[in-house]
Structure formats: structure tokens, C-alpha cells
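*Asks:* build me a model:
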Amino acid sequence: MVKRVLGLTVVIVLVGVASAHILTAGQAASTNTAAPRGGQGGAQPTDVSKMPLMNVTVVQIKPDMVNDWMEFQKSETIPTLQKGGVKERTGIATVIGPSFEYVFLTPATNFAARDGDNPIVKALGEDGARAYAQKNRRFIASQRTYVVRVRTDLSYHSDAAAQLPIAVVSEYTITPGRAPDFESYIKNDVTPAHKQLKTGGFGVYQGLFGGEANTFVVATLMRNFAELDTGPAITRAYGAAKAAGIQQKLAGFVTHVERTVSREVPELSFRPRTVSENR
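*Replies:* This is a model prediction of the structure:
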């Protein structure tokens, strides 16, 4: 991942009325359950191989083409993706960070799915897909794709029904070999603070392919921008002195951190209808 992978704008993440659905990558929610223990020596390593994958596409739109691109997304891209079998997508805009940047998150079943035709080809055929790509390219200044792992064991979400359209997305680059220390920081310092304050929670994503290695993204979900004025959860929960000590500890294994703020764009998002919505 480059700096700011989920746009990073991230990770992240937001989903407005569907906030739980992206945070948990389509029903794979976790309330930060501890890793199972057993064997001769205590804690067993967490098996992350079965945790959900997420495809992430970061696009920079030409400033003079944003309105036309939005219309193209609604009239052509979304219907084509749905016809090609894509069940859900979350569109996110960076609101504090790079301008004209959008991030799309789509859950992935596995890497084997990439061996077949992509959804655009499935929907339009080879010739139609080429024509679609030609129309789409005129809007794009740059584009990059990633695959991340949704770390359901590290994520915390307090209320699946909460309206959480804002996300602070923090991308951490970790010293090689020190990922367990970062995971311990999330479990033992961050999660208790959020539980104590009864916040909306956060999602944790681990970079796999497409960019810099040794990267974690934490997308902290919020109800509104006013929550930014209250400050970090660890400071509010523990006080300034203890929070400073935690940050000092973090500096021992984090080589870089970058933060942006994102918001979901409902017009660019779609998801399966719930049973109640279908009634």
C-alpha cells in the first residue's frame, strides 16, 4: 500500500447506514474476541487466513470531469457491476486529504475468483468491456488497486445499526517483525478505550498486495465531524499522561503514520437489500 491506502482515505470504511457491513466485510463482524488459547505454552497464533478479503480501488478523478464521472458511475458503472455479479460496493470520498480522490471497497471471496472474467467482461462481453474501459479512462487521472485482509479479530464495532458516515483513517507502517506488537497495542490499549467511551468502533485492515508491506489501516467510525473535536479515544479514556506513554511505546515499532478523513458517498455505493427493506 502506498501511504493512505484506503484512500486512505480508507479503510476505510465508512458505510453510513451500512457501516457495520463494510467494517465487518459483509457479516464477518467481530467484537474483538481474544485469540483462542491452548496447547502447552498459552496463546495460540491467530489464524488470519480465513478472515475476509477486501478489494480496494483508489481513483483520482480529473477535477473538471467529476460531475460527468459521477453520472457515468450511476448510469453505467453500477448497473454493469451488478449485472456482472458484484453484490455490494462502498464508494468513499476523501474529505480531508487529497482532493478529487475516491475509494471503492468490494468484498472478495478468494483470489481464485480472479482467474475468471472480471465483472465488466461478464456483463458486457469482450467488445463491450473494451468500449466501457475507453469511456471510463477519460475521467481518470490515476488509479491503483489493492487487496487487504479485514482483521476481524482486531476490529471493534459496538452497534451494527448505528449511523456512522465519517471515518478517520490511520495508516501505520510497522517495523518488519513487529506486527505482533502493533496487534497487542490494538487489543490492549485501543479497544479498551473505545469500549469505555462507547464509541462507534473501528475496523482494522492489513495490507496484502498492491503496495507497501507491513501496513495496517485503522478506520475509526464517527457519527459526525464534531466528534473530531473531542480528540483521540485513548486520551479521553486514559488521560494525557497515560496516552503519551502509549504513544511513546507505539513509536518503538511504527515507522510512519498518516491520517485522512473520509465520508461515504451513497450514490456510489450499493449493497444487498435486507429482508425488512424488501417488505
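*Asks:* please enumerate the helices of this structure.
*Replies:* 19-23, 66-72, 78-83, 119-137, 179-185, 191-197, 233-238, 240-250, 275-278 (DSSP state H).
*Asks:* let's see the pLDDT reported for residue 112.
*Replies:* Residue 112 carries a pLDDT value of 96.
*Asks:* out of the helices of the chain, which is the most enclosed?
*Replies:* helix 19-23 (a mean of 27; mean count of other CB atoms under 10 Å). C-betas here are computed from N, CA, C, even on glycine.
*Asks:* pLDDT averaged over that helix - what is it?
*Replies:* Per-residue scores along helix 19-23 average to 40.
*Asks:* next: stretch 46-59.
*Replies:* Across stretch 46-59, pLDDT averages out at 95.
*Asks:* quick one: that stretch to chain centroid distance?
*Replies:* Its chain's C-alpha centre and that of stretch 46-59 lie 9 Å apart, by CA atoms, centre = their mean, to the nearest Å.
*Asks:* any buried residues in it, and which?
*Replies:* If you call a residue buried by 16 or more other CB atoms under 10 Å, then stretch 46-59 has these buried ones: 46, 51-59.
*Asks:* pull the number of nearby residues for residue 155.
*Replies:* Close neighbours of residue 155, defined as other CB atoms under 10 Å, add up to 25.
*Asks:* so where is the chain shaky, pLDDT-wise?
*Replies:* By pLDDT under 70, the weakly predicted segments of the chain are 1-44, 274-279.
*Asks:* and the closest residue to residue 189 other than its chain neighbours, how far is that from residue 238?
*Replies:* Spatially, and ignoring its direct neighbours in sequence, residue 189 is nearest to residue 246 (5.1 Å; CB to CB, 6 or more residues apart in numbering). Taking CB to CB, to the nearest Å as the measure, residue 246 falls 7 Å from residue 238.
*Asks:* quick one, strands of this structure?
*Replies:* 53-61, 90-96, 101-108, 140-150, 156-157, 166-174, 201-209, 215-222, 254-264 (DSSP state E).
*Asks:* right, so of the ones you listed, which gets closest to residue 114?
*Replies:* Closest of those to residue 114 is strand 101-108, at 8.5 Å (criterion: CB to CB).
*Asks:* wait, the residue nearest to residue 189 sits on residue 235?
*Replies:* No: judged on CB atoms under 8 Å, residue 246 makes no contact with residue 235 at a distance of 9.2 Å.
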